[in-house]
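S.K.: Okay, sequence plus prediction incoming.
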Amino acid sequence: MEYGLVVRWLVALLALGAVGVPVAARLFPRSATRGVGFALPLSALTLGVVAFWVGRVAFGPVALAVALLVVLALAALALVDRDALRDGDLAVDDDALAALPDRTVAAETAAVFVAGFLFVVLIRAHDPGVDPGAGEKFLDYGILKSLLRASALPPEDMWFAGEGVRYYYGGHLLAALWALLTATPARFAYNLALAGVFGMLVAAVYDLAGSVAAARDRSRRTAGLLAAFLVGVAANLHTAGWVFLRTLPPGARSSLAGLLGVDAREVVARDFSYWTASRVIPGTINEFPLFAWLNGDLHAHMTMTPFLLLGAALAFALYRTPASATRRRRLLLFGVVPVVGGFQAVLDTWSFPSVFGLAWLALAAAPAAPRTLLPAPLAARVDGALDRLGGRGAADDPAATDGGHGGRRLADELARPVVAAGLVAAAGVLALAVASPFLLGAVTGSGSERTLAVLPVEMRSSLGGLLVVHGAFLATFVAGLLAAVGRGRPSRWWPASWD
């Protein structure tokens with residue numbers, strides 16, 4: 001094992017994370033962790049987006065140097081006293097320093113990252129080869145090598161000389177930048193990049209789950225560790241169910257296996273394999289995060305995960321930011337979310353809509369009405385339309401005794417998802433601009449037509465298979481819903497302090 005390279009990568013990635021801490025604290029001031037788990041993803045996002053654009057002219061050390069300068073500049077801007085800067089003085093903002101995460105929180109988040117990084121290093125050390133079986137390692141390694149040889153983007157297609165890669169390569173781009181930063185050959189950078197992405201994933205999960213729990217007056221550490229385990233280590237219910245079925249008497253095993261659509265004889269005869277847990281529903285792929293790292297592909301659906309969580313964290317920040325902080329909410333929605341969404345298109349185009357779906361849910365459900373983000377003239381027109389709509393609703397209801405307020409509240413609720421959709425659509429257009437060189441020049445596709453269709457009954461997944469794959473999520477949501485109902489507090493009207 002190349003121990004020196006492991007240490008070099010750990011130092012480099014932790015340093016990038018440390019530089020990103022002030023930016024994370026500025027973006028997530030209401031988080032109990034100040035967003036420290038997203039410090040490295042934010043630095044990586046900046047590296048990737050800047051190098052993606054600069055790389056259209058010159059990729060390699062030049063793009064990396066420019067991207068690093070932007071990362072450092074953003075960190076400095078997050079710490080500078082802007083009032084003093086307007087007067088021509090360069091001073092550190094005391095409020096920005098006070099808003100930085102607690103050292104204990106930062107240290108434990110870094111420990112989660114290091115544990116995740118070393119965990120995957122051990123896995124890949126056992127099976128480091130880029131082999132053609134059971135995966136797409138040749139594709140991923142080829143794109144990484146092409147990027148490290150490229151003088152400009154897009155990288156050349158290693159299977160079609162003279163043509164650019166027609167595949168989302170954002171994750172490989174980050175791996176190449178990290179390889180350049182640490183002077184690491186591709187044969188080592190491939191597996192070390194896998195470890196770096198996994199470390200970012202579990203650290204981001206730990207941060208976000210802990211922040212959500214702390215906002216609900218629950219244990220931040222417990223929630224963070226549980227979430228990091230469920231995302232980073234646990235699979236779907238297949239393996240747990242396999243162990244449980246093997247412990248049952250033959251009769252009970254056959255009955256339960258039949259209910260779940262599983263062959264009871266296969267449960268007994270088959271040895272454990274992580275591969276079968278990713279093929280629960282026949283004809284489909286039901287991968288879970290750890291499967292991908294065990295298999296060892298440096299693939300799009302893996303490298304995008306920390307940035308999808310960053311999108312979720314931004315949505316949570318939008319949800320929690322009060323209506324009075326209009327400037328901050330607009331910065332999040334129209335400044336940061338489009339950058340995350342645009343880079344997500346380059347990382348994994350299939351996940352591009354998810355960033356904006358989360359933003360839409362956050363805006364539609366937030367205590368602050370979405371229309372408060374509109375320009376004042378447009379917001380006034382929307383308010384007038386809602387007044388008229390609410391007034392008509394009250395006038396048409398002979399039982400209304402609240403002076404029309406009930407009708408206005410109903411109009412407000414109906415307007416929420418509509419206005420939120422319009423705002424998110426505008427952010428989506430900005431994201432398309434961020435990703436435009438990729439979307440216009442290297443759109444993926446095999447040339448075959450793809451259509452949406454309703455599957456016939458005989459091709460649809462069984463209820464048992466769906467419960468095995470998604471049962472853990474369903475149980476979590478049901479438990480949370482029952483807890484909320486038990487408290488009798490609908491989520492949007494929870495009493496909360498926004499400071």
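M.R.: All right, it came through fine.

S.K.: Which element, helix or strand, includes G4?
M.R.: Using DSSP states H and E, G4 sits within helix 3-27.

S.K.: And that helix, how far out from the chain middle?
M.R.: In terms of C-alpha atoms, centre = their mean, to the nearest Å, the centre of helix 3-27 is found 19 Å from the chain centre.

S.K.: got it, and stretch 115-134?
M.R.: With C-alpha atoms, centre = their mean, you get 23 Å for stretch 115-134.

S.K.: repeat for stretch 421-441
M.R.: The answer for stretch 421-441 is 17 Å, by C-alpha atoms, centre = their mean.

S.K.: Tell me the buried residues in it?
M.R.: 422-424, 427-428, 430-432, 434-435, 437-439 (16 or more other C-beta atoms under 10 Å). (Each C-beta comes from the backbone N, C-alpha and C, glycine too.)

S.K.: Is it possible to get TSV of those that adds distance to V337?
M.R.: As requested, the buried residues of stretch 421-441 are exported to TSV (distance: C-beta to C-beta, whole Å):
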residue	distance to V337
G422	14
L423	10
V424	8
A427	5
G428	9
L430	8
A431	7
L432	13
V434	10
A435	13
P437	20
F438	18
L439	17
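
S.K.: Of those, just say which sits nearest to L42.
M.R.: Closest approach between the buried residues of stretch 421-441 and L42, by C-beta to C-beta: V434, at 15.2 Å.

S.K.: Using CSV, write out the CA atom coordinates for the following helix or strand past the helix holding G4.
M.R.: Next helix or strand after helix 3-27 toward the C-terminus (DSSP H and E): helix 39-54. Taking C-alpha atoms only, helix 39-54 is exported to CSV below (Å, rounded to 0.1, in the frame of the first residue of the first chain):
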residue,chain,number,x,y,z
ALA,A,39,-17.0,22.8,3.8
LEU,A,40,-15.1,20.3,1.6
PRO,A,41,-18.1,19.8,-0.8
LEU,A,42,-18.2,23.6,-1.2
SER,A,43,-14.5,23.8,-1.9
ALA,A,44,-14.8,20.9,-4.3
LEU,A,45,-17.8,22.5,-6.0
THR,A,46,-15.9,25.7,-6.5
LEU,A,47,-12.9,23.8,-7.9
GLY,A,48,-15.0,21.8,-10.2
VAL,A,49,-17.1,24.7,-11.6
VAL,A,50,-14.2,27.1,-12.1
ALA,A,51,-12.0,24.4,-13.7
PHE,A,52,-14.9,23.4,-15.9
TRP,A,53,-15.2,26.9,-17.3
VAL,A,54,-11.5,27.8,-17.4
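
S.K.: helix or strand right after helix 39-54?
M.R.: Following helix 39-54 in sequence, per DSSP H and E, is helix 61-79.

S.K.: other SSEs contacting that following helix?
M.R.: On a contact count with 3 or more C-beta pairs under 8 Å, 6 or more residues apart in numbering; DSSP states H and E, helix 61-79 meets helix 3-27, helix 39-54, helix 94-98, helix 170-182.

S.K.: Not counting it itself, show me its contacts.
M.R.: 16, 19-23, 25-26, 43, 46-48, 50-51, 54-55, 92-93, 96-97, 177, 180-181 (C-beta atoms under 8 Å, 6 or more residues apart in numbering).

S.K.: centre of the chain versus it, how much separation?
M.R.: Counting by C-alpha atoms, centre = their mean, helix 61-79 is centred 23 Å from the centre of its parent chain.

S.K.: In the helix holding G4, which residues are buried?
M.R.: By neighbour count with 16+ other C-beta under 10 Å, helix 3-27 contains the buried residues 5-6, 8-10, 12-14, 16-27.

S.K.: Closest to the centroid, which residue in the protein?
M.R.: Note on the chain: the residue nearest the mean C-alpha position is L308, at 1.5 Å, using C-alpha atoms, centre = their mean.

S.K.: for that residue, what are its contacts?
M.R.: L308 sits in contact with 344, 351, 354-355, where contact means C-beta under 8 Å, 6+ apart.

S.K.: what is the mean pLDDT for the helix holding G4?
M.R.: Per-residue pLDDT values over helix 3-27 give a mean of 96.

S.K.: Report all helices and strands that it contacts.
M.R.: Going by 3+ C-beta pairs under 8 Å, 6+ apart, helix 3-27 lies up against helix 39-54, helix 61-79, helix 94-98, helix 103-126, helix 170-182, helix 186-215.

S.K.: For the following helix or strand past the longest one, name the packing helices and strands.
M.R.: Going back to what we said before, that points to helix 186-215. Downstream of helix 186-215, the next assigned helix or strand under DSSP H and E is helix 220-232. Under the contact criterion of 3+ C-beta pairs under 8 Å, 6+ apart, helix 220-232 touches helix 103-126, helix 186-215, helix 289-295.

S.K.: between those helices, which one is nearest to A313?
M.R.: helix 186-215 (5.2 Å).

S.K.: Would you mark the buried spots in the closest one?
M.R.: With burial defined by 16+ other C-beta under 10 Å, the residues of helix 186-215 counted as buried are 186, 188-215.

S.K.: still on that earlier bit, show me which of the contacts of L308 is closest to R320.
M.R.: Distance to R320 across the contacts of L308 (C-beta to C-beta) is lowest for V355, with 17.7 Å.

S.K.: Could you report the neighbour count for that closest one?
M.R.: 29 (other C-beta atoms under 10 Å).

S.K.: element containing it?
M.R.: Per DSSP H and E: helix 352-365 holds V355.

S.K.: Check which helices and strands that helix sits against.
M.R.: Short answer (3+ C-beta pairs under 8 Å, 6+ apart): helix 352-365 packs on helix 305-320, helix 337-347, helix 405-434.

S.K.: immediately after it, which helix or strand?
M.R.: Using DSSP H and E, the helix or strand that follows helix 352-365 in sequence is helix 376-395.

S.K.: Output that following helix as CSV, nothing but the C-alphas.
M.R.: Output in CSV follows, covering the C-alpha atoms of helix 376-395 (Å, rounded to 0.1, in the frame of the first residue of the first chain):
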residue,chain,number,x,y,z
ALA,A,376,-41.8,44.3,-5.0
PRO,A,377,-44.0,45.3,-7.9
LEU,A,378,-44.6,41.6,-8.9
ALA,A,379,-45.2,40.7,-5.2
ALA,A,380,-47.8,43.5,-4.9
ARG,A,381,-49.7,42.2,-8.0
VAL,A,382,-49.7,38.6,-6.6
ASP,A,383,-51.0,40.0,-3.3
GLY,A,384,-53.7,41.8,-5.0
ALA,A,385,-54.7,38.7,-7.0
LEU,A,386,-54.8,36.7,-3.8
ASP,A,387,-56.9,39.3,-2.0
ARG,A,388,-59.5,39.1,-4.9
LEU,A,389,-59.4,35.3,-4.9
GLY,A,390,-59.7,35.1,-1.1
GLY,A,391,-62.5,37.6,-1.1
ARG,A,392,-64.5,35.7,-3.6
GLY,A,393,-64.0,32.5,-1.6
ALA,A,394,-65.3,34.1,1.5
ALA,A,395,-68.2,35.8,-0.2
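
S.K.: Now the weakest link among the helices and strands packed on helix 3-27, please, by mean pLDDT.
M.R.: Confidence, taken as mean pLDDT, is least for helix 94-98 of the helices and strands packed on helix 3-27 (a mean of 68).
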